[in-house]
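Colleague: My questions concern the predicted model and sequence given below.
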Amino acid sequence: MNLEPGSPYPELLARLDRWSADAREGHPGVIPCRSGCTACCNGPFDISVADAMLLRSAARRLPAQVRKGVARRAEALARRIQALAPTWGPPWDIADIGDERFDEISSALADVPCPLLDEGGACLVYGSRPMVCRWMGLGIVTREGEIIANACPIQDQFPEYAALPPQPFDLAGFGEIETPCLEDAAEALLGDPDRAGYETTIALALDSLQLRRSP
């Protein structure tokens with residue numbers, strides 16, 4: 001899968017960023033999301049096969065010492081996940097244990113920071129962060145009228161933000177472009193485009209990369 005700027009998947013992510021920026025401009029001072037706020041960056045959460053590829057590429061580009069720190073944190077979280085799901089193994093597809101079991105694991109580790117956060121709470125690969133991270137912070141209303149609620153865990157601390165209406169987004173059109181990107185990523189990562197629905201976690205995607213090695 002082509003991960004260069006301007007190729008389909010990075011452009012999809014940039015499209016989400018523009019959507020979020022438009023919401024900020026339309027509601028100045030209301031949306032509190034900022035660097036250093038890690039309320040939605042804790043615990044294992046699912047990422048797509050395209051995001052797994054994107055994060056692996058971004059992690060490899062980090063400076064050696066930073067990369068080693070990420071590796072230590074990813075390994076520690078991966079071991080904790082494995083302890084809770086001892087029969088789960090590579091390639092760490094969430095479908096292999098089921099959403100219910102994965103939700104239980106996520107709840108048990110809900111206070112563990114993402115391994116890609118630095119000591120100040122900033123994302124070390126912010127420009128390559130997964131799609132789910134870009135959705136967070138806003139509710140969505142699709143062209144068909146479906147509403148997806150804002151999942152920000154601390155929105156009750158900001159009444160005006162919590163009352164913000166869902167923001168319009170063409171989710172169906174977005175999905176039409178995303179699907180072939182997922183198929184390409186599944187072919188590249190797993191050797192099978194039919195596994196486009198593959199999902200894993202950030203820690204499990206990174207743990208097998210031997211990131212501690214110097215360039």
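Modeller: Yep, it's here. Numbering: from 1, shown residues only.

Colleague: Quickly note the distance from the residue nearest in space to the middle of the chain to A78.
Modeller: Geometric centre of the chain, nearest residue: P130, 3.3 Å, by Cα atoms, centre = their mean. Distance of P130 to A78, computed by Cβ to Cβ, to the nearest Å: 17 Å. Using the backbone N, CA and C atoms, a C-beta is placed for each residue, glycine as well.

Colleague: now swap in T142 and tell me
Modeller: T142 is 35 Å from A78, by Cβ to Cβ.

Colleague: List the buried residues of stretch 200-209.
Modeller: The neighbour-count criterion (16 or more other Cβ atoms under 10 Å) identifies T200, T201, I202, A203, L204, A205, L206, D207, L209 as the buried residues of stretch 200-209.

Colleague: out of these, what pair is the most spread apart?
Modeller: T201 and L209 (13.7 Å; Cβ to Cβ).

Colleague: Now do the helices in the protein.
Modeller: 8-26, 49-60, 64-84, 99-108, 131-135, 159-162, 171-190, 202-207 (DSSP state H).

Colleague: Tell me the helices and strands packed up against the second one.
Modeller: This means helix 49-60. helix 8-26, helix 64-84, helix 131-135, helix 171-190, strand 199-200, helix 202-207 (3 or more Cβ pairs under 8 Å, 6 or more residues apart in numbering; DSSP states H and E).

Colleague: same thing but 10 Å
Modeller: helix 8-26, strand 47-48, helix 64-84, helix 131-135, helix 171-190, strand 199-200, helix 202-207 (3 or more Cβ pairs under 10 Å, 6 or more residues apart in numbering; DSSP states H and E).

Colleague: Quick one: mean pLDDT for the first one?
Modeller: Along helix 8-26, the predicted local confidence has a mean pLDDT of 95.

Colleague: What degree of burial does D156 show, as a neighbour count?
Modeller: D156 has 9 neighbouring residues, counting by other Cβ atoms under 10 Å.

Colleague: Contact partners for it?
Modeller: By Cβ atoms under 10 Å, 6 or more residues apart in numbering, the contact set of D156 is A162.

Colleague: what's the answer for L164, then?
Modeller: Shown in contact with L164 (Cβ under 10 Å, 6+ apart): A23, G26, H27, V30, I31, G137, L138, G139, N150, Q155, F158.

Colleague: Also A39?
Modeller: P32, C33, G121, M136, G137, C152, P153, I154, Q155, Q157.

Colleague: how near is the residue nearest to V66 when sequence neighbours are not counted to A59?
Modeller: Leaving aside its chain neighbours, V66 sits nearest to L124 (6.4 Å; criterion: Cβ to Cβ, 6 or more residues apart in numbering). To A59, L124 is 8 Å away according to Cβ to Cβ.
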